[in-house]
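*Asks:* Please work out how this folds:
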Amino acid sequence: MKTHLKSNRQTRMIISIVLLALSLSVFGCSNKQETQPTAGSGKQPDIIRVPSPGDITRPDIYMIAEELGYFAEEGIQLEYVGKVPSPQLVASVVAGKIDVGAAHINRTIAGISAGAKIKAVVAGTETTREIPHMVYVTLDNSPVKSAQDMVGKKVGIPTIGGCNEYTPYAYLKQNGIDSPKGKIEVIVMPEANLEQALRQGNIDVAGFHKNPGFLLARGGLKVLFTDYDVFGTVGGNTPFYFSEKFIKEKPDVVRRFVKAVAKANDWADTNQQQAIDITVKRAKVDPKLLRTGYFAPKGLIQPETAGIWIDLLKEFGEIKNDVKPEQIFTNEFNPYAQK
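*Replies:* The predicted structure follows:
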């Protein structure tokens, strides 16, 4: 009888040990599952191909978003594929050579009017009084002091058309000069050569993509007008755009890209010197060449910025088709947009 009881106790003990081991095993597995990375964090990042930085004159949002980890947080990795001239950006996006382009919104509009299947999804730079998109200057002792004084004068700009050429036309028209396109002589040259040409008297007015303070600090120059004087805050937007094919096939990638850029915009606006420092470090450029930049809050694209440039491009014959702002951009991928 004692032997039988002893045997039963041993059996119950073995069963208890087995059950305890099983419960610990299950508990351990449960804890292990809870500490696994969250969904998607173990995936390979989505690659977005972008043009390599060209002539860097202001903080670079790509570099800032990378440095701060905003793209990494969204599971995105940028792949720089080499420099792409600004006039070729739209065609490169449409052809699939790069995934995203960015330039002044007039280039997006002109591309769409010509049949390019692209759409802007998040805003880049924006204009303020202190940080305009374009500034037009003369020499201190120049007789050109007003729009009327510009008539018949030589105006140097980096490229024909778009913000470079049509901002002066809009300024002239705003100040009572009818048919402004024939009232000034447009001289096209690299932006790096404009200051020398102005000081040598080869041109009377020079148009730069620089801040007024940056130019005035060089001495002997005065600001005639900026795009802020012509359009207020909505004339200098430079949005990022994808092909419609990319947007249709990878809407979630676009959404995450937009979120990262929007966050970088806001950070750069409130940390301007740090934004410059990051760009200087990553691009290895002379800090004296960089100006501060102002980026659209939360990356939101304002309808007015598309409307203004649609009207200007139509007025001066650069676009023929009737395009609407909703064809140019969307804020639907921006988490900060009002739904």
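
*Asks:* quick one: Trp267 and Leu68 touch, right?
*Replies:* Yes - with contact defined as CB atoms under 8 Å, Trp267 and Leu68 form a contacting pair (6.4 Å). C-beta here means a position set from N, CA and C on the backbone, and glycine is covered the same way.

*Asks:* Show me where the stretch 1-150 of the chain dips below the pLDDT cut-off.
*Replies:* 1-42 (pLDDT under 70).

*Asks:* backbone phi and psi for the nearest residue to Ile131 once chain neighbours are set aside, please?
*Replies:* Leaving aside its sequence neighbours, Ile131 sits nearest to Tyr294 (CB to CB, 6 or more residues apart in numbering; 4.2 Å). Note on Tyr294: backbone dihedrals following degrees, to the nearest 10 are phi -120, psi 130.

*Asks:* which stretches of the stretch 1-150 of the chain form strands?
*Replies:* Listed in chain order, the strands of the stretch 1-150 of the chain (DSSP state E, counting those that start in this stretch) span 46-50, 76-80, 100-102, 118-122, 135-139.

*Asks:* Would you give the sheet partners of the shortest one, along with the direction of each?
*Replies:* It refers to strand 100-102. Strand 100-102 pairs in its sheet with strand 240-243 (antiparallel), by DSSP bridges.

*Asks:* Which SSE is immediately downstream of the partner strand?
*Replies:* helix 244-249 (DSSP states H and E).

*Asks:* what's the distance between that following helix and the middle of its chain?
*Replies:* Relative to the centre of its chain, helix 244-249 is centred 19 Å away, using CA atoms, centre = their mean, to the nearest Å.

*Asks:* what's the answer for stretch 103-110, then?
*Replies:* On CA atoms, centre = their mean, the centre of stretch 103-110 falls 12 Å from the chain's centre.

*Asks:* May I have it as PDB, with CA atoms only?
*Replies:* C-alpha atoms of stretch 103-110 as PDB (Å, rounded to 0.1, in the frame of the first residue of the first chain):
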ATOM      1  CA  ALA A 103      11.200  72.400 -59.000                       C
ATOM      2  CA  HIS A 104       9.200  75.600 -59.200                       C
ATOM      3  CA  ILE A 105       5.500  74.800 -59.700                       C
ATOM      4  CA  ASN A 106       5.500  76.400 -63.100                       C
ATOM      5  CA  ARG A 107       7.500  73.400 -64.400                       C
ATOM      6  CA  THR A 108       5.000  71.000 -63.000                       C
ATOM      7  CA  ILE A 109       2.200  72.900 -64.700                       C
ATOM      8  CA  ALA A 110       4.000  73.200 -68.000                       C
END
